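Novice: sequence first, predicted coordinates after that:
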Amino acid sequence: MAGFSYLATMSANAIVNAWRHRTMTLITVVIVSLMMTTLGMFLMVENALSVLIVSMEERVNLIIDLADDAPPADVLALRQQLLEDSRIISVAYITPEEALARLREYFADEPELMQPLLGNRNPLPASLELRSDDPDYLLALARQLAVSPLVKEVIIPRDVVRNLSRAIQVVRFFGYTLGAGLALVTLFVIGSTIRLTVYARRSEIEVLRLMGASDHFIRWPFLLEGVFFGLVGAFVASLVVGIAYLWVNELLQQLINFLPVSVDSTYLLRLVLTLTVFGIVIGGLGSYLSVRRFLTI
Amino acid sequence: MIVLHDVSKVYANGIHALKNISLEVGQEEFVFLVGVSGAGKSTLVRLLIREELPTAGEVIVAGHNVLQLSKRNLPLFRRKVSMVFQDFRLLPNKTVAENVAMALQVANRSRQEIQELVPEALELVGLTPYAEHLPLTLSGGEQQRVAIARAVIRKPEVLIADEPTGNLDPMSSADIVDLLTRINRLGTTVIMATHDSDVVNRSRRRVVELVRGEIVRDEARGTYHYGRL
C-alpha cells in the first residue's frame, strides 16, 4: 500500500511537472506522437505486405504438365517422391477432365469463348500441382523437373512471388532503418525536454536533496514524465494508425475483393501493444539517459 | 550532538577556509556562529550538512561521522539534520501546507501522518490561516516561518540556520529568533550562522566566532562583538 502511495505521489509530481511547462510538454507530445504514428504506419504496411505475400505464396502452385505418353507407373512414382519431400506442402494429381472442368468453370460466364478453342476434344494434359511455402525451392525444383521425360512443361508464377519478396525486403529494410532513426530522434526529443525540466527545477532539486530526499524520490518523477510522453505518443499513434488500418481495409475490400483482406483485431491489438511498449521503453530510456547525465544528486 | 575534531578545509583553488577547528555542541544547545564574510561560517555549515567534506579531521553530527556516510545513508542523515536558508528556498508553485508536507513526503511518510503533522507545524510557526496560500503572497518573515515549519516538522535532532534573518527587517528577525529559541526548547540543537548583531546581543546565547578560518572565541553567553553589547 505504501508502495502504491509512493508511486501515486511520484506520478502526481510527474504530471504536475509536465503541466508546469505545458508548452514544452505539448511540443514534445506532438513530436513523439508524430514519430510513433509514422512508425505505426510502417509496421502496418509491413504487416499488410507480409499478409499479402503469405497468401500469394500459399497460392503458388508449381504446375507440372505431364507428357501425354508418360507411363502411369512412372507418374505415380514421381508423385510419391514429391509427397515425401518435406518442403512440399501438397501434391495433387489433376486429370485432363478435371483441368477441363476448371477451365469451363473459369469461363462459365462466357462459354462461347471456349467453344472455338476446344472444339469437341480436350487438349489439356494431366498435371501435378505442388504447393510449397519456399518459393526459391519451387524454382529449383521447376528447373530440375523441366528436363524430365515425364514432363511436358513446368509453369510457375515466379515473378509475382519474386517481386513481392523483394518489395517486402525493401519495406522491412526501410521500416527498420526508419524505426531505428525515429527511436533515436524520439529519445533525443524526450531527453532534451527532461534536460530542460531538470534545469528549470534545479533549485527545487537542491532543496529536496538537502531535505533528505532519496535519489529515487528525485529521479522518478522525471522518469515517469518521460514514460508519460511515450504513453501519450503511443495513444495518439494507436488511434491514428487504428483508424487508418480500418479505413484502408475497407477500401481494399471494395477495390480488390479477390485478395484475403480482412480486419484482424488481434493484429490491431498487437500493434497497439507494440506501440505502447515502445512508448514506455523509449520515454523511460530517454528520460533515464538525460537524468543520469544532467541530474547530479 | 556535534563534534568537530581538528577539522581543516582547503578548497581546490587553494583557499584555506577552515584551519584545525575543534568544537563540541551538546544536545539542546543554541549556538550562534558569527564572523565577517569569508571567515569560514558557510564552509562550516556546509560541512555540518555534508555538502562538503573536510580535508582533514573528523566531523560527527547526530551520531554520524560525515566522512563515513554512504550515498545510501546520506538522505537518512539529512532527515535528522534540517536546514533553514537565508533565501527561504520554498517551492513557489506549492502552497504553504504543501511546502511543509514535502519534508514528510521525501521521507516517505504516510498521508495520514502528513495530514496530522502539517497543521501542528503550521500552528507552531503561527501560520495556520495561511496554509493554502502560495509562498510569494507572504511577507519575508512569514516565508521564513514556512521554511522553519518545513525544517522542524520531522523533529530533527539538529537545525542549522544559515543567515535566516539576512533578508528580514528587525521586527521579523526578532520573531524568527524567538521561534528558533522555542524550537530549541522543544529539544532540537540549533546552530545559527549570522551577521545580525542585534539578535545575537538580545539572545545572550553561546557564541562561536570565526576569523579567517579559525575559532577565535567561544563564549557561553556571548555577544556579537567580544566584550561589548
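Specialist: Looks like it came in fine.
Novice: which positions in stretch A:15-26 come out as buried?
Specialist: Buried residues in stretch A:15-26, counted by 16 or more other Cβ atoms under 10 Å in any protein chain shown: A:17-18, A:21, A:25. Placement of C-beta: from N, CA and C, glycine included.
Novice: sorry, that was for stretch B:214-229
Specialist: B:215, B:222-224.
Novice: just the ones of the buried residues of stretch A:15-26 in helices?
Specialist: Per DSSP state H, helices hold the following members of the buried residues of stretch A:15-26: A:17-18, A:25.
Novice: show me what contacts the residue lying closest to residue B:64 once chain neighbours are set aside?
Specialist: Nearest residue to residue B:64 in three dimensions, chain neighbours excluded: residue B:77, at 5.1 Å (Cβ to Cβ, 6 or more residues apart in numbering or on different chains). Going by Cβ atoms under 8 Å, 6 or more residues apart in numbering or on different chains, residue B:77 touches A:212, B:50, B:61-62, B:64, B:66, B:69.
Novice: interface residues of chain B facing chain A?
Specialist: B:49, B:51, B:71, B:75-79, B:82-83, B:89, B:91, B:93, B:102-103, B:105-108, B:110-111, B:150 (Cβ under 8 Å from any Cβ of the partner chain).
Novice: how far does stretch B:79-94 sit from the chain's center?
Specialist: Using Cα atoms, centre = their mean, to the nearest Å, the mean C-alpha position of stretch B:79-94 is found 10 Å from that of the whole chain.
Novice: tell me the buried residues in that stretch?
Specialist: For stretch B:79-94, a neighbour-count test (16+ other Cβ under 10 Å) marks B:79-86, B:88-91, B:94 as buried.
Novice: for chain A, just list every one of the strands.
Specialist: Assigned by DSSP state E, chain A shows strands spanning A:61-66, A:90-94, A:127-131, A:151-155.
Novice: export these to CSV and tack on mean pLDDT?
Specialist: Listed next are those as CSV, based on pLDDT from 0 to 100:
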stretch, mean pLDDT
strand A:61-66, 83
strand A:90-94, 86
strand A:127-131, 85
strand A:151-155, 86
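Novice: what's the spacing between the residue in the stretch 51-200 of chain A that chain B sits nearest to and residue A:21?
Specialist: The nearest approach of the stretch 51-200 of chain A to chain B comes at residue A:200, 11.1 Å away (Cβ to the nearest Cβ). Distance, residue A:200 to residue A:21, using Cβ to Cβ, to the nearest Å: 6 Å.
Novice: how about residue A:40?
Specialist: For residue A:40, the distance to residue A:21 equals 27 Å [Cβ to Cβ].
Novice: do the same with residue B:116
Specialist: 33 Å.
Novice: again, but for residue B:181
Specialist: Taking Cβ to Cβ, one finds residue B:181 at 41 Å from residue A:21.
Novice: got it, and residue B:32?
Specialist: According to Cβ to Cβ, residue B:32 stands 42 Å off from residue A:21.
Novice: what's the answer for residue A:147, then?
Specialist: Taking Cβ to Cβ, one finds residue A:147 at 74 Å from residue A:21.
Novice: for residue A:188, give me its contacts.
Specialist: Contacts of residue A:188 by Cβ under 8 Å, 6+ apart are residue A:286.
Novice: quick check, pLDDT for it.
Specialist: If you check residue A:188, the pLDDT there is 88.
Novice: and if you look at the one 10 residues further on?
Specialist: At residue A:198 the predicted local distance difference test score is 84.
Novice: and residue B:52, that's in a strand?
Specialist: No: Residue B:52 is assigned coil when assessed by DSSP: H, G, I helix; E, B strand; the rest coil, not a strand.
Novice: pLDDT at residue 206, what is it?
Specialist: Unless you meant another one, I'm taking chain A. pLDDT at residue A:206 comes out at 87.
Novice: could you do chain B instead?
Specialist: Note on residue B:206: pLDDT of 94.
Novice: got any ranges where chain B has weak pLDDT?
Specialist: Low-confidence segments of chain B (pLDDT under 70): B:226-229.
Novice: other SSEs contacting the lengthiest helix in chain B?
Specialist: Longest helix of chain B, by residue count under DSSP H: helix B:170-185. Under the contact definition 3 or more Cβ pairs under 8 Å, 6 or more residues apart in numbering or on different chains; DSSP states H and E, helix B:170-185 sits against strand B:30-34, helix B:111-124, helix B:140-152, strand B:158-162, strand B:189-194, helix B:197-203.
Novice: name the helix or strand for residue B:3, please.
Specialist: Using DSSP states H and E, residue B:3 sits within strand B:2-10.
Novice: now what about whatever helix or strand comes next after that strand, what contacts it?
Specialist: With elements assigned by DSSP H and E, the helix or strand that comes after strand B:2-10 is strand B:16-25. Strand B:16-25 is contacted from outside by B:1-11, B:31, B:40, B:43-44, B:47, B:54, B:57, B:189, B:191, B:208, B:212-215, B:218, using Cβ under 8 Å, 6+ apart.
Novice: filter those to the buried ones?
Specialist: Looks like these have B:1-4, B:7, B:9, B:31, B:40, B:43-44, B:47, B:54, B:57, B:189, B:191, B:208, B:213, B:215 buried, using 16+ other Cβ under 10 Å.
Novice: any idea how far residue B:8 is from residue A:130?
Specialist: 90 Å.
Novice: ok, residue B:94 touching residue B:102?
Specialist: Yes: look at residue B:94 against residue B:102 with Cβ atoms under 8 Å: they come within range, at 7.0 Å.
Novice: near chain B, which residues of chain A are found?
Specialist: Checking chain A against chain B by Cβ under 8 Å from any Cβ, the hits are A:2, A:5-6, A:9, A:16, A:20, A:203-204, A:206-215, A:217.
Novice: if we go to 7 Å?
Specialist: Residues of chain A lying close to chain B (Cβ under 7 Å from any Cβ of the partner chain) are A:5-6, A:9, A:20, A:203-204, A:207-208, A:210-214, A:217.
Novice: on that earlier part again, top of the contacts of residue B:77 by number of neighbours, please.
Specialist: Neighbour counts for the contacts of residue B:77 (other Cβ atoms under 10 Å in any protein chain shown) peak at residue B:61, which has 25 neighbours.
Novice: pretty sure it contacts residue B:4?
Specialist: No: using Cβ atoms under 7 Å, residue B:61 makes no contact with residue B:4, being 9.0 Å away.
Novice: low-confidence ranges, chain A, go.
Specialist: Chain A contains residues with pLDDT under 70 at A:1-6, A:53-60, A:114-120, A:135, A:157-165, A:256-263, A:296-297.
Novice: do a quick rundown of the helices in it.
Specialist: Assigned by DSSP H, chain A shows helices spanning A:2-20, A:22-59, A:72-83, A:96-106, A:111-118, A:135-146, A:158-200, A:202-210, A:215-255, A:265-294.
Novice: most centrally placed residue in chain A?
Specialist: Centroid-nearest residue in chain A, with Cα atoms, centre = their mean: residue A:47, separated by 2.5 Å.
Novice: ok so, going back, nearest to residue B:36, of the strands of chain A?
Specialist: Each of the strands of chain A has some distance to residue B:36 by Cβ to Cβ; the shortest is strand A:127-131, at 95.5 Å.
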